[in-house]
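Novice: Fold the following, please.
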Amino acid sequence: MEYAVKIDHLTKDFGSFALEDVSFAIPGGTILGLIGENGAGKSTAIKCLLGVLSHDAGEVQVLEGEGLTEVGYVPDECPFADALKVKQVGSFLSGVFAKWDGALFTHYLEKFELPADKKVKELSRGMKMKLSIAAALSHRPKLLVLDEATSGLDPVVRDEILDEFMAFLSDEDHAILLSSHITSDLEKICDYVVYLHKGKVTISGAKDELLASYGKLSCARADLERVDGRFLVGSRTGEFGCQALVKDRPAFQRAYPDLALDAPSLEDLMIFTTRGDRT
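Specialist: Down below sits the predicted model:
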């Protein structure tokens with residue numbers, strides 16, 4: 001499998017909001033993090049990928065045409081009826097998925113310490129998310145699509161779930177699309193990043209290469225004023241100094257060897273790209 005997902009020039013216009021010319025691909029054996037503020041279009045892009053929404057233009061290819069039966073989807077809220085018991089979720093899904101593996105589902109219930117006889121409504125948010133992930137994994141998909149799956153979870157539970165995603169990727173025929181605004185999670189595990197802002201792709205590429213190509217500058221106002229604007233992505237000026245995100249880090253360091261740069265985070269890329277100059 002060369003690409004698990006390939007999206008070319010995807011457009012979806014709602015009138016008040018539009019996805020515009022969105023393109024990205026997820027190679028097999030990798031994780032792509034889809035980041036952006038609320039309302040940026042992440043969920044819309046996922047719904048187009050899953051066929052829940054039709055798109056106005058562009059192409060969406062999933063698993064080289066194998067079909068959506070090979071996709072495990074985890075939304076931000078548990079999709080199962082409150083009155084169902086945990087073990088009944090497995091019984092229900094066995095009639096939905098041809099490749100449902102009941103033994104694997106039981107394995108995940110035990111691994112995640114999910115009480116089989118409890119009703120869904122009695123579970124904590126963390127337990128509900130673990131149940132959704134167990135269900136998604138138990139029909140043995142090749143692609144996992146996760147829409148804010150770690151949102152609202154405590155760090156211990158999030159770390160446990162991220163470990164499970166990495167285990168899923170041990171098979172190079174598997175891939176993950178992870179939409180999240182928790183950029184620290186994405187920095188831990190993602191190979192590629194796509195940043196959506198107001199329906200458009202603002203930044204896209206291999207995570208490590210992106211972070212290496214930018215730098216975070218902390219300096220006095222006078223130092224910022226002498227920086228060539230072509231290097232500046234965005235800046236913030238405060239009472240005690242300035243901060244800026246600069247691009248083409250190697251060229252910047254050659255041009256301004258006296259100005260030290262720190263390594264940026266994905267959150268820095270989002271904040272400075274979105275907000276630009278703030279005083």
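
Novice: burial measure for residue 142, as a count.
Specialist: Close neighbours of residue 142, defined as other C-beta atoms under 10 Å, add up to 19. The C-beta positions use only the backbone N, C-alpha and C, and glycine is treated the same way.

Novice: residues contacting the residue nearest to it when sequence neighbours are not counted?
Specialist: Residue nearest to residue 142 in three dimensions, not counting chain neighbours: residue 70, with 4.5 Å by C-beta to C-beta, 6 or more residues apart in numbering. The contact partners of residue 70, taken as C-beta atoms under 8 Å, 6 or more residues apart in numbering, are 63, 141, 142, 143.

Novice: Taking those residues together, which two end up most distant?
Specialist: Using C-beta to C-beta, the two most remote members of the contacts of residue 70 are 63 and 141, lying 9.2 Å apart.

Novice: intersection of neighbour lists for these two?
Specialist: In contact with both residue 63 and residue 141: 70, 71, using C-beta under 8 Å, 6+ apart.

Novice: before we move on, the earlier item: rebuild the contacts of residue 70 as a markdown table, extending it with secondary structure.
Specialist: Compiled in a markdown table, the contacts of residue 70 are given as follows (DSSP: H, G, I helix; E, B strand; the rest coil):
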| residue | secondary structure |
| --- | --- |
| 63 | helix |
| 141 | coil |
| 142 | coil |
| 143 | strand |
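
Novice: So among those residues, which ones count as buried?
Specialist: Buried subset of the contacts of residue 70 (neighbour count, 16 or more other C-beta atoms under 10 Å): 63, 141, 142, 143.

Novice: Quick check: which of these has the minimum pLDDT.
Specialist: For the buried ones among the contacts of residue 70, the weakest pLDDT value sits at residue 63, with 92.

Novice: ok, for that one, nearest residue in space, not its chain neighbours?
Specialist: Closest to residue 63 by C-beta to C-beta, 6+ apart is residue 70, at 5.2 Å.

Novice: any idea which of the contacts of residue 70 is closest to residue 223?
Specialist: Of these, the one sitting nearest to residue 223 (C-beta to C-beta) turns out to be residue 143, at 46.8 Å.

Novice: circling back to that earlier point, list the backbone torsions phi and psi for the residue nearest to residue 63.
Specialist: phi -90, psi 10 (degrees, to the nearest 10).

Novice: how close does it sit to residue 140?
Specialist: The spacing between residue 70 and residue 140, counted by C-beta to C-beta, to the nearest Å, is 9 Å.

Novice: mind listing the strands for this protein?
Specialist: Taking DSSP state E, the strands of the chain run over residues 3-13, 18-27, 31-35, 57-62, 71-74, 143-147, 175-179, 192-197, 200-206, 214-219, 232-238, 241-247, 261-262.
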